[in-house]
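Q: need the 3D shape of this:
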Amino acid sequence: MQQRSKMLEIKAWGHENISATHYNTLEVTKDEELTTRGTCIIGVRASLSTREIPDWVKEKLRQAGSMIHFEIIVDNQKVSGVFEGHPELILSHPKDIVIRKSSFICPRTLGIKSTLAARDIPDEIKNKLANPQQEILLRLYFNN
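A: Residues are numbered from 1 along each chain as shown. As a prediction, this is how the structure comes out:
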């Protein structure tokens with residue numbers, strides 16, 4: 001695995017309505033409640049939104065050609081992916097963080113062209129996301 005110098009960890013929690021079936025995105029939200037329509041959401045009560053992530057992270061995300069490795073960790077299980085940053089990222093939403101397989105950018109978008117969406121999370125991890133007591137860690141790794 002590559003040498004990584006900095007990491008940002010975002011904590012979130014499970015919810016009984018999490019299905020994690022969306023084909024193109026995954027999301028953590030600061031919202032406490034969730035309807036069954038939120039198929040991309042993998043965690044609620046998130047510790048950060050795109051507006052609240054540190055400035056050094058925003059700078060890294062906005063570097064042209066930036067590639068960010070990330071992990072979703074539940075108990076001792078994890079799944080990894082990679083997404084791209086983009087100079088036009090807005091990073092200003094007060095509640096949400098969204099990682100997308102597409103190139104769509106809005107205030108909720110943390111990264112684009114992801115190798116992983118909610119539906120790609122293995123079932124053994126996904127099954128735990130419906131437990132409101134389950135802590136979920138989203139870790140972002142930045143080179144240099």
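Q: how about the strands in this structure?
A: 6-13, 25-29, 41-43, 67-74, 77-84, 96-100, 109-111, 135-142 (DSSP state E).
Q: do you know which of these lies nearest Ser19?
A: strand 41-43 (8.5 Å; C-beta to C-beta). In this view, the C-beta of every residue, glycine as well, is placed from N, C-alpha and C.
Q: tell me which strands that closest one pairs with, and in which orientation.
A: Under the criterion DSSP bridges, strand 41-43 sits next to strand 25-29 (parallel) in its sheet.
Q: only C-alpha atoms, please: export the lengthiest helix in the chain in CSV.
A: Longest helix in the chain by number of residues (criterion: DSSP state H): helix 55-61. Output of helix 55-61 as CSV, limited to C-alpha atoms (Å, rounded to 0.1, in the frame of the first residue of the first chain):
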residue,chain,number,x,y,z
ASP,A,55,-9.0,24.0,5.2
TRP,A,56,-6.0,21.8,4.6
VAL,A,57,-8.3,19.0,3.4
LYS,A,58,-10.2,21.4,1.1
GLU,A,59,-6.9,22.5,-0.4
LYS,A,60,-5.9,18.9,-1.1
LEU,A,61,-9.4,18.1,-2.6
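Q: before we move on, back to that, hey, which of the strands of the chain is tucked in deepest?
A: Among the strands of the chain, the stretch with the highest mean neighbour count (mean count of other C-beta atoms under 10 Å) is strand 41-43, at a mean of 28.
Q: fine, thanks again, bye for now.
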